[in-house]
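> Need a 3D model of the sequence below.
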Amino acid sequence: MKKNLTLKYSMLCILSILPFLLWAQAPGFEQDTNDVPIDGGLSLLLAAGIGYGIKRKFKEERDAQKNKPATKD
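Residues are numbered from 1 along each chain as shown. Coordinates of the predicted model:
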């Protein structure tokens, strides 16, 4: 029981101090830094990914129709 309680208190101390150790730098940039737009290629990659997903879905459905066993009614 004492070992379990010691482990809980140790984890509590570590987890409460951890956020202070993770501050790597001050927020923001210096004034002479230019911001870089991310939208340029990201929207093209997103559109290509959606198109590729639609193509794969149609191919899987077409292959499923081909491999569907014929049944007599």
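> CA only for contacts and neighbour counts going forward, please
Noted.
> secondary structure element for the residue nearest the centre of the chain?
The chain has Leu46 as the residue nearest its centroid, 14.1 Å off, counting by Cα atoms, centre = their mean. In the assignment (DSSP states H and E), Leu46 maps to helix 39-66.
> I'd like to know which elements that helix is packed against.
If you count contacts as 3 or more Cα pairs under 8 Å, 6 or more residues apart in numbering; DSSP states H and E, helix 39-66 packs onto no helix or strand.
> If you average the pLDDT over that helix, what comes out?
Average pLDDT, helix 39-66: 89.
> And that helix, what's buried?
When neighbours are counted by 16 or more other Cα atoms under 10 Å, no buried residue of helix 39-66 is found.
> quick check, distance from that helix to the centre of its chain.
When distances are taken as Cα atoms, centre = their mean, to the nearest Å, helix 39-66 is centred 19 Å away from the chain's centroid.
> Now do Lys2 against Tyr9, distance only.
Remark: distance between Lys2 and Tyr9 (Cα to Cα, to the nearest Å) = 11 Å.
> no no, Pro19
Taking Cα to Cα, one finds Pro19 at 17 Å from Tyr9.
> quick revisit: Lys2 and Tyr9 - which one has more neighbours?
Tyr9 (11 against 7; other Cα atoms under 10 Å).
> model confidence over the helix or strand containing the more buried one, on average?
Under the criterion of DSSP H and E, Tyr9 resides in helix 2-21. Helix 2-21 shows an average pLDDT of 85 in the prediction.
> What helices and strands are in contact with that helix?
The criterion is 3+ Cα pairs under 8 Å, 6+ apart, and there are no helices or strands that helix 2-21 contacts.
> Please spell out which residues along that helix are buried.
Per 16+ other Cα under 10 Å, helix 2-21 contains no buried residues.
> how close does the residue nearest to the centre of the chain sit to Lys57?
17 Å.
> what does Pro69 give?
Applying Cα to Cα, the value for Pro69 to Lys57 is 20 Å.
> Likewise for Gly40?
27 Å.
> What of Phe20?
For Phe20 relative to Lys57 (Cα to Cα), the value is 47 Å.
> Kindly report the same for Ile50.
In terms of Cα to Cα, Ile50 sits 11 Å off from Lys57.
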